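A.B. asks: Sequence first, then the predicted structure:
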Amino acid sequence: MVKQNLDQLLKNSKDTVSLLRNSQIGAYVYPVVPPEFGNWRTEQAAWREAAVLFDQSHHMAEITVKGPDAVKLCSSLTINSFKGFEPGKAKQMVPLSYDGYVIGDGILFFLGQDELLFVGRAPTVNWIQFHAETGGLKVEAIRDDRSPSHPYGNAVSRRHYRYQIQGPRANEVLQAVNGGPVPEVKFFNLGYINVKGRKVRALRHGMAGAPGLELFGPYAERDEIRTALIEAGTQYGLVVVGSRTYASNTLESGWIPSPLPAVYSGEKMRKYREWLPANGYEGTASIGGSFVSSNIEDYYLTPYAMGYGPFVKFDHDFIGRDAVERMVAEQRPQRKKVTFEWNAEDLGSIFSSLLDGANQPYKYFDLPNANYASASYDKVTRSGQLVGFSMFTGYSHNERCGLSLGVVDADVSLGDVLTLVWGEENGGTRKPTVEPHRQRDVRVRVSPTPYSRDVRETYHQGWRTGTRDN
């Protein structure tokens, strides 16, 4: 029997949006890592007050590209310049469709001569693998998929472990494990530290809003390295973060993890859709939220909307370049990335509806992450007109408020109060993660990203008391 590909699946379904909005994929699971080691409130507080250990070994896919054309391939697939990119460096890679819309993003490591490693979500790994196999270039691709969501007791193995030490006391933890001062490594550069006599590779960056290192190495060494990090960090208040807490850090740091990959339309993308399996990420992913359009392209986002405008460099050829150049030449207004601060009174009404036996509850708001689909698109309106989307939602114990990341039209300003529609139409779609519910209009204040308490408190005193000023 010939296996169905994504293109066939979409043609047979006739309505791509409905297919994805009613996907039966179920809840997104961060595999292997326990949901909580203590409690998610304390774990959130630790990246603001002390230091945390994030275990990133299991929820991301990765692909190694090796060979004389490895750099050529990766450069052709991203908006980023490769000028000065050399072994020992890393960058956030952002591939686009032929029409200039984001497929995904992730971190590209330049490990050594003719060897690069990408780490991120499946859509970008798929895109890289497709071009490695079909582009006629001299490369070898080695793929390592994320760990299974439900291993059912079976052994789990990866090529690499991946741990992050982040927070204001991260450097003290790292010095303790290193046995002395940590070598100075520039932002998004690779270096080494010593862990129990092992020379461990480390990337410098600050996912939780404070400096830290991401350590990675052979998976067989994972327990030894993890134990050493925890032992060294005990005296500095190091907290091990569970999978339930992990994703909520992006609400404060400002990265939108899961836009819908722009692969479902366009004749130029047809060969790729024929290459993709029907049961892969793209064919089973779910769209959730109150925004509904019959046109799948209304869910696509430009790199400018995602906050990646500064990465766009026209010093090299890349897929989607012509389309992006037209956007620039036409001076087309671009949406922009923001944080939405949820009104406390309105969020409180969502929780209290669970106790109202006389009425249907509002859509459940899970803590600390309230997302219930692979890609979230809650409509945000001003005077009843669509002005953007909320795309990643949850609660910050550090800020004591609901937050979501999303995009708004160019003429929306910081401090504006808009309306976010929480929940889906007509009682909800058929996704397993959606229970019968009512929609709720929620007031949200447009705030900066990354989110900042100081900036927030500068705008309109009294906002958090629930006063209506819109």
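C.D. replies: Perfect, I can see it now. Numbers count the residues shown, from 1 in each chain.
A.B. asks: Can you give the domain ranges for the chain?
C.D. replies: With domains defined by automatic domain parsing, the chain comprises 40-59+150-241, 336-465.
A.B. asks: okay if I get those domains as CSV plus mean pLDDT?
C.D. replies: Listed next are the domains of the chain as CSV, based on pLDDT from 0 to 100:
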stretch, mean pLDDT
domain 40-59+150-241, 94
domain 336-465, 91
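A.B. asks: and these as TSV, adding distance to residue 284 and mean neighbour count?
C.D. replies: Every residue, glycine included, has its C-beta placed from N, CA and C. Shown next, in TSV, are the domains of the chain (distance: least, CB to CB, whole Å; neighbours: other CB atoms under 10 Å):
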stretch	distance to residue 284	mean neighbour count
domain 40-59+150-241	15	18
domain 336-465	8	18
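A.B. asks: need those domains in CSV with distance to residue 85, can you?
C.D. replies: Converted to CSV, these look like this (distance: least, CB to CB, whole Å):
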stretch, distance to residue 85
domain 40-59+150-241, 10
domain 336-465, 24
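A.B. asks: and of the ones you listed, who's closest to residue 118?
C.D. replies: Of all the domains of the chain, the one in closest proximity to residue 118, counting by CB to CB, is domain 40-59+150-241 (12.3 Å).
A.B. asks: so how far does that closest one reach from one end to the other?
C.D. replies: Terminal residues of domain 40-59+150-241 lie 8 Å apart, using CA to CA, to the nearest Å.
A.B. asks: Check stretch 160-176 too.
C.D. replies: End-to-end span of stretch 160-176 (CA to CA): 23 Å.
A.B. asks: Equivalent analysis for stretch 28-36, please.
C.D. replies: 16 Å.
A.B. asks: Average pLDDT for it, rounded please.
C.D. replies: The average pLDDT within stretch 28-36 is 96.
A.B. asks: Quick check: buried residues in that stretch?
C.D. replies: Using 16 or more other CB atoms under 10 Å as the test for burial, stretch 28-36 gives 28, 30, 32-33, 36.
A.B. asks: coming back round to it: between the domains of the chain, which gets nearest to residue 67?
C.D. replies: domain 40-59+150-241 (17.7 Å).
A.B. asks: which residues sit against whichever strand or helix holds residue 65?
C.D. replies: Element membership of residue 65 [criterion: DSSP states H and E] is strand 61-66. Under the criterion CB atoms under 8 Å, 6 or more residues apart in numbering, residues 73-74, 111, 114-122, 125, 128-129, 132, 139-146, 159-160 lie in contact with strand 61-66.
A.B. asks: between the buried residues of stretch 28-36, which is nearest residue 422?
C.D. replies: Using CB to CB, these come closest to residue 422 at residue 28, 18.5 Å.
A.B. asks: Could you check the pLDDT of residue 14?
C.D. replies: Residue 14 is given a pLDDT of 89.
A.B. asks: For residue 57, what are phi and psi?
C.D. replies: Residue 57 adopts backbone torsions of phi -70, psi -20, taken as degrees, to the nearest 10.
A.B. asks: those helices in the protein, which residues are they?
C.D. replies: 6-13, 16-21, 40-49, 70-76, 122-134, 170-178, 222-233, 243-246, 250-253, 270-275, 281-284, 321-329, 344-352, 453-458 (DSSP state H).
A.B. asks: I'd like those as JSON lines, with distance to residue 151 appended.
C.D. replies: As requested, these are arranged in JSON lines below (distance: least, CB to CB, whole Å):
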{"stretch": "helix 6-13", "distance to residue 151": "26"}
{"stretch": "helix 16-21", "distance to residue 151": "26"}
{"stretch": "helix 40-49", "distance to residue 151": "23"}
{"stretch": "helix 70-76", "distance to residue 151": "31"}
{"stretch": "helix 122-134", "distance to residue 151": "18"}
{"stretch": "helix 170-178", "distance to residue 151": "29"}
{"stretch": "helix 222-233", "distance to residue 151": "15"}
{"stretch": "helix 243-246", "distance to residue 151": "14"}
{"stretch": "helix 250-253", "distance to residue 151": "25"}
{"stretch": "helix 270-275", "distance to residue 151": "28"}
{"stretch": "helix 281-284", "distance to residue 151": "18"}
{"stretch": "helix 321-329", "distance to residue 151": "41"}
{"stretch": "helix 344-352", "distance to residue 151": "33"}
{"stretch": "helix 453-458", "distance to residue 151": "40"}
